[in-house]
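**Q** Everything below, folded, please.
(2 chains)
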Amino acid sequence: MSDPVAMSRPRKGAAGKTGTWRTFRPVVDREACNACGLCAMYCPDACIDADLEIDLEFCKGCGICAQECPKKAIRMDREER
Amino acid sequence: MAEIPEDEYLLKCTTACAGCSAALALRYVLKAAGPDTVLVVPACCTSVLQGIYPNTAFAVPVYNIAFAAAAACASGMSEAFASEGKKTNVIVFAGDGGTVDIGIQALSGALERGTNFLYICYDNEAYGNTGMQRSGATPIGARTTTTPGGKTDTKKDIDRIIAAHNIPYQATASAAHPKDLFEKVKTALATPGPSFIHILVPCPPGWRIPSDMPVTVGKMAVKTGMWVLWERKYGELTINGPSRAVMKKRLPLKEYLSLQGRFKGITEKQVNELEQQLGKNLAMLAKEEAGEC
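**A** Numbering: from 1, shown residues only, chains lettered A, B, ... in the order given. Below you'll find the predicted structure:
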């Protein structure tokens, strides 16, 4: 059935795979991480889940997680592609 | 303090710039509001970051509307929900241009009518979506594309304009303090009648800061007293969290200005002017909290 009005529907990836925007990739040092969760709290795009795994398919590589990490456990490495 | 839910209402990902703190603020607004919410969005960054038709990254209904009409639209919507006996939250999520400049008459009208809604102004201190032109909310000395030599006029004090409407709940918040923001949205939605929250959202391209800095800059705005976190419930003002300590001892303003490229050309005179305004604002808030005015 077609919509009576032009209406968008919610879908994951509505803006494409934003991970391709990245120039720097976050790399977590699990030894240094104390699982405080500040990175997940400050991620503007909610790309860090409850287990603090970063979704690289969508992470735009802004680096806020690395900047705000109190243990400096996240490093930003240049993307090779 | 209520636990922040894990549910996300912004699906991965919006088209917001990397490091956008408006998206960060909206994430927590929607977490606090929950699924039974309608967003009314006038022209601003939020109207372009939803994704591309026929898809959207927003998991709540959004009504995109003209700049000047957001609060008027929300008024009608809120009345319609009330007449159907629904408790749906109506939230306007508007930028500073859509609030302090273009949307102000509709907003003032809706506040005066006592519409049951929450109006959120997320303030990046310029028209970010169209290329960083100056707005009424741009502070003195800031470079924008239309004030290449730095703005010569002062920032419009929208909070005191709103305060003059004597609404039940009004607050300021910052994207760099999401827990405080979450609590304030919860309180605002639990308060019947109109409420207003003003959120500072540092903008990486507009403020000429690196994409990893918005949270640091947002925290610095609070630490220097440039942005004060407070809430006013039925006329009673409380200064919140980190701003309490700032009332006694604050960092020099230069530490906030030097982080940002937009203040590169600011003159000594303008810094003094900003400093004076800031001191005056803090003194007025302290007096109000103590019940002296």
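**Q** Return the residues of chain B in contact with chain A.
**A** Residues of chain B lying near chain A by Cβ under 8 Å from any Cβ of the partner chain: B:6, B:8, B:10-21, B:23-24, B:27, B:49-59, B:178, B:204, B:210-216. No exception for glycine: its C-beta is placed from N, CA and C like everyone else's.
**Q** Show me just the buried residues among these.
**A** Among the residues of chain B next to chain A, those classed as buried by 16 or more other Cβ atoms under 10 Å in any protein chain shown are B:10-21, B:23-24, B:27, B:49-51, B:55-59, B:178, B:204, B:210-216.
**Q** Can you flag which of those belong to strands?
**A** Assigned to strands by DSSP state E, the following of these qualify: B:55-56.
**Q** which ones among the buried ones among the residues of chain B next to chain A are found in helices?
**A** Counting by DSSP state H, those place B:21, B:23-24, B:27, B:178, B:204, B:214-216 in helices.
**Q** can you redo those residues as a markdown table with pLDDT?
**A** Shown next, in a markdown table, are those (pLDDT from 0 to 100):
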| residue | pLDDT |
| --- | --- |
| B:Ser21 | 95 |
| B:Ala23 | 96 |
| B:Leu24 | 96 |
| B:Arg27 | 96 |
| B:Pro178 | 96 |
| B:Pro204 | 96 |
| B:Pro214 | 97 |
| B:Val215 | 97 |
| B:Thr216 | 97 |
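**Q** out of these, who's nearest B:Thr152?
**A** Of all these, B:Thr152 sits closest to B:Pro204, with 24.8 Å by Cβ to Cβ.
**Q** Could you look up the next helix or strand downstream of the lowest-mean-pLDDT helix or strand in chain A?
**A** Lowest on mean pLDDT, DSSP states H and E among the helices and strands of chain A sits strand A:9-10, with a mean of 92. Going down the chain from strand A:9-10, the next helix or strand is strand A:24-28, by DSSP states H and E.
**Q** Which residues does the least confident helix or strand of chain A contact?
**A** The contact list for strand A:9-10 (Cβ atoms under 8 Å, 6 or more residues apart in numbering or on different chains) reads B:11, B:54-59.
**Q** Name the strands paired with that strand and say parallel or antiparallel.
**A** strand B:55-56 (parallel) (DSSP bridges).
**Q** Quick one: mean pLDDT over the strand it pairs with.
**A** For strand B:55-56, the mean per-residue pLDDT is 93.
**Q** in the stretch 101-250 of chain B, which spans are strands?
**A** In the stretch 101-250 of chain B, the segments counted as strands under DSSP state E, counting those that start in this stretch are B:118-123, B:169-174, B:195-200, B:230-233, B:236-239.
**Q** Indicate which one of the ones you listed is closest to A:Ile64.
**A** Of the strands of the stretch 101-250 of chain B, the one closest to A:Ile64 (Cβ to Cβ) turns out to be strand B:169-174, at 14.2 Å.
**Q** ok, back up a step: could you identify which of the strands of the stretch 101-250 of chain B is most buried?
**A** With neighbours defined as mean count of other Cβ atoms under 10 Å in any protein chain shown, the strands of the stretch 101-250 of chain B peak in mean count at strand B:118-123, which reaches a mean of 28.
**Q** hmm, who's touching that strand?
**A** Around strand B:118-123, the neighbours that count as contacts under Cβ under 8 Å, 6+ apart are B:22, B:25-26, B:29, B:44, B:46, B:71, B:74, B:89-96, B:98-100, B:107, B:110-111, B:137, B:158, B:175, B:185, B:188-189, B:194-201.
**Q** Ok, stretch A:54-66 next?
**A** With Cβ under 8 Å, 6+ apart, stretch A:54-66 has contacts from A:13, A:17-19, A:21-26, A:28, A:39, A:42-45, A:47-49, A:72, A:74-76, A:79, B:12-13, B:17-19, B:204, B:210-212, B:214-215.
**Q** what do you get if the cut-off is 7 Å, keeping everything else the same?
**A** With contacts defined as Cβ atoms under 7 Å, 6 or more residues apart in numbering or on different chains, stretch A:54-66 is touched by A:17-19, A:21-26, A:28, A:39, A:42-45, A:47-48, A:74-76, B:12-13, B:18-19, B:211-212, B:214-215.
**Q** Got a PyMOL select line for the buried ones in the residues you listed?
**A** In PyMOL syntax, the buried subset of those is picked out as below (16+ other Cβ under 10 Å):
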select buried, (chain A and resi 18+19+21+22+24+25+26+28+39+42+43+44+45+47+48+74+76) or (chain B and resi 12+13+18+19+211+212+214+215)
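**Q** angle of the helix or strand where B:Val38 lies against strand B:118-123?
**A** B:Val38 belongs to strand B:37-42 when assigned by DSSP H and E. Counting by axes from the mean of the first three to the mean of the last three Cα atoms, to 10 degrees, strand B:37-42 lies at 50 degrees to strand B:118-123.
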